[in-house]
Every structure is written in C-alpha cells, then in structure tokens.
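J.: sequence first, then the predicted structure, then my questions.
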Amino acid sequence: MTFENTGTTFRWDETPPAFQVQLDVSRNTHYYWTLSRSKRVAEVVLLLQRPNGRFLVHTKGFYPAGTWRLMTGGVHPGEDPADAALREADEETGLVVRLERPLARIDYEFLNEAGTLTFTSYLYLLRELGGALGALDDSEAITGYREVSLDEFEPLAEQLEALQGDDWADWGRFRAAAHRIAHQLLAKEQDETG
C-alpha cells in the first residue's frame, strides 16, 4: 500500500515499524469490535503537531471526566489509510494539515473466550499549516482540545489504563497503546537528532 505526499512515496510494508498488541477483553468489548469491523476496516491515529511543536489531543462529552487522547478515525472499506488520516483531521479539527509520514502500524488482537479478533491502527504524523480549530463533523461529539508535549504521552497512557469498568477499562488499555508507541518512536527520533 502506498500513498503520495508532496512528491514522496511511502510504503507501509517498508517504512514504518509494526507493533503487535494483545489485549484480553470483556465479552461486551469483543462484541463491539465484531460489529464495528464491518464499518471500519482499520483506523488512523493522528499525531497532529501544532506550529509550537506540541500535539493536539481531544475529549468528548461521553468520556469519563478528565479523559484526553490522540484523535482517531475509521478507515472505510476501500479507503487508503493516508486518505482517511487527512479526512479525519479535517472532520475532527477543521485545520489545514500536511501529512508528514506514517510512523507505525499497530496490529491488535482482542482475546476473549468467544475467540480472537484482529484490528489495525495506522499512526500518522501530521503538521498544522493553518485554519481555525473546531470540529467540522458534529457527530464527533468533541467537547474540548488540549495541546500536550511529547513527554505528556506517557501520563495520558497511564490515565487511560486506569479507567474503571469493563468497557472503559478495555477501551482505555486499547487507546493507551498508541500513545506509548508514539512516545517511544518520537522520543527515539529526538534522541538521535539531538
């Protein structure tokens, strides 16, 4: 799978690293992913970097209080993940962005006595070029945005992993993985470039 961005061609099978994540989940979570996979074949995770170097996270009205996370969105059947990343960035932020590059692919296995389900998340680094911040799609139910530094990704992951209740706990552990992987990759790049 390839996509073009300002003259550069990326290949998912050559460029970004792949991570394997296994999660034991409740019957309800397993059922949710069984249903949702018919509408979304995968998802994109948006690491949207603002001009000040910080990253955009959001919250929604139905999340547990104080829950913030990186933005994500579904990849529709037949849609290229890069196109999905740009579409979702537009819908969720209204900002003009540039797709910098793919960072990683995360292959999840949701384990339950009912069986194993697989799902893939594609992490993309995007940069804000301009525009006014605000969701263009009201169905996203976004109620707030925040800017965070790369160092705040780990505390965000810990907060997600600490959510209580079967459904929120499963969701939080699932969402935390992308934050940890993004932090690991970008922190390593920062160390290598000084």
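T.: Nice, I can see it.
J.: which residues touch the residue nearest the centre of the chain?
T.: With distances taken as CA atoms, centre = their mean, Val45 lies nearest the centre of the chain, 2.1 Å away. Going by CB atoms under 8 Å, 6 or more residues apart in numbering, Val45 touches Leu70, Met71, Thr72, Ile106, Ser121, Tyr122, Leu123, Tyr124, Ala178, Ala182. Just so you know, the C-beta spots here come from the backbone N, C-alpha and C atoms, and that holds for glycine as well.
J.: in the lengthiest helix in the chain, what's buried?
T.: If you go by DSSP state H, the chain has its longest helix at helix 166-193. Applying a neighbour-count criterion of 16 or more other CB atoms under 10 Å, the buried positions in helix 166-193 are 168-183, 185-186.
J.: about what we covered before: of the contacts of Val45, closest to Lys39?
T.: Closest approach to Lys39 among the contacts of Val45 (CB to CB): Thr72, at 13.9 Å.
J.: for this structure, which segments are assigned as helices?
T.: Going by DSSP H, the chain shows helices at 27-36, 81-93, 153-161, 166-193.
J.: Leu129: which of the ones you listed is closest?
T.: helix 81-93 (10.8 Å).
J.: ok, Gly134 - how many residues close by?
T.: Gly134: 11 surrounding residues under other CB atoms under 10 Å.
J.: these two touch, right, it and Gly94?
T.: Yes: if you go by CB atoms under 8 Å, Gly134 and Gly94 touch, sitting 4.8 Å apart.
J.: hmm, back to that, centre of the chain to the longest helix of the chain, how far?
T.: Chain-centre distance of helix 166-193: 9 Å, with CA atoms, centre = their mean, to the nearest Å.
J.: what does stretch 150-159 give?
T.: 14 Å.
J.: what comes up buried for it?
T.: Leu150, Glu152, Phe153, Leu156, Ala157, Gln159.
J.: same question for stretch 95-113.
T.: Leu95, Val97, Leu99, Glu100, Pro102, Leu103, Ala104, Arg105, Ile106, Tyr108, Phe110, Asn112.
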